[in-house]
Every structure is written in C-alpha cells, then in structure tokens.
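> Have a look at this prediction, sequence included:
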Amino acid sequence: MTESLLAQGLSLIEGKFVSQTAPEPNRIDLMLEPAQLLECTKALSAARWGYLSAITGLDHGAESGKLEALYHFCNKAAVITLRVTMPRDNPVVPSVCAIIPSATLFERELMEMFGVVCEGTPDPQRLFLPDEWPDGTYPLRKDYIVPAPPAAPEE
C-alpha cells in the first residue's frame, strides 16, 4: 500500500525535481531548486495527495555554504519530502501559503530559526524569539553559539 502511494505521489510531480533518494522504505526525498517548489506543492495539493506535516530546516555548516528547507508531505505511512537547497548567505524560497495557508507557522519558524526568507509569506513576524533578539542571529544554525548563563549572585 505504501509503495503504491509513493508511486502515485511521485507520478504527480515526475520531471519537476532534480533528483530523488529513498532513505527509508516508506519515504522518498526529492531534491528541488527553489523555483520548482511551488509547482511540486501545487501538484501534490491539487491531487489531495496527503497533507503538509511539517517544514523543517537543515544547516550543512558554514563550510558547506548550504542550507536546506524540507517540506514533508504524508499520506498514511508514505512520506514525500521536498528538499530545497539554497546558498547559506542568501537563503530564499517562495512561500507556499497561497497553496497551503496553514504553512504560515512553519514558514515563520524557518525564517526565525534558520534565516531562510520565505518570499511572499503573509505573516513574517517572529514566532518564538523575543523582540529584543538580535537580527541576523539564527539559533538553529550550526555556527550559533549559545551564550553562557549569567553568573549566580554571590551570597
């Protein structure tokens, strides 16, 4: 059943991605350019192939110069992940909120925690970090240094 769901999902976006891997029996990862994201998302959504369960980020480290945004679509036990690679110094993806309005929370988290710009997102406000958090500081990037806690007052 899972294999047929994956085959069905894959057929919806055939030719709209760069490459694919199968890291687990019930999962396919598709590597995309940012420009391919909306077309793939529209195809899966229009066919009602599952639902967007999460958008996550991945930092390959400063030396790699790359970040990834991962869009996880689930249909029962089948998972199709759209992986968008972008340069670390200018990470930009188009917003998928016009297709999947509930993606706004995921996009806000991606922008705030990884510094990925989701162009066209309807609500770019911070979600988790306080207002005084310094701009350009992204806590889920590998080069983020957690500040030392303040010293306890002496008694």
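Looks like it came in fine.
> can you tell me how far the closest residue to Ala78 other than its chain neighbours sits from Ala46?
In this structure, Ala78 finds its nearest non-sequential neighbour in Leu5, 3.8 Å apart by Cβ to Cβ, 6 or more residues apart in numbering. Yep, even glycine has a C-beta here, placed from its N, CA and C like the rest. In this view, Leu5 and Ala46 are 16 Å apart by Cβ to Cβ, to the nearest Å.
> ok, back up a step: so is the residue nearest to Ala78 in a helix, a strand, or just coil?
Three-state assignment for Leu5 (DSSP: H, G, I helix; E, B strand; the rest coil): helix.
> Quote the end-to-end distance of stretch 46-65.
One end of stretch 46-65 to the other measures 34 Å (Cα to Cα, to the nearest Å).
> what do you get for stretch 84-92?
With Cα to Cα as the measure, the ends of stretch 84-92 fall 10 Å from one another.
> Check stretch 97-107 too.
End-to-end distance of stretch 97-107 (Cα to Cα): 8 Å.
> Could you do stretch 140-155 as well?
Across stretch 140-155, the terminal residues are separated by 36 Å (Cα to Cα).
> follow-up on the earlier one: more neighbours, Leu5 and Ala46?
Each of Leu5 and Ala46 has its neighbours counted (other Cβ atoms under 10 Å); Leu5 has more, 19 against 10.
> hang on, the earlier thing: unless I'm mixing things up, the residue nearest to Ala78 is touching Lys76, no?
Yes: under the criterion of Cβ atoms under 8 Å, Leu5 makes contact with Lys76 at 6.3 Å.
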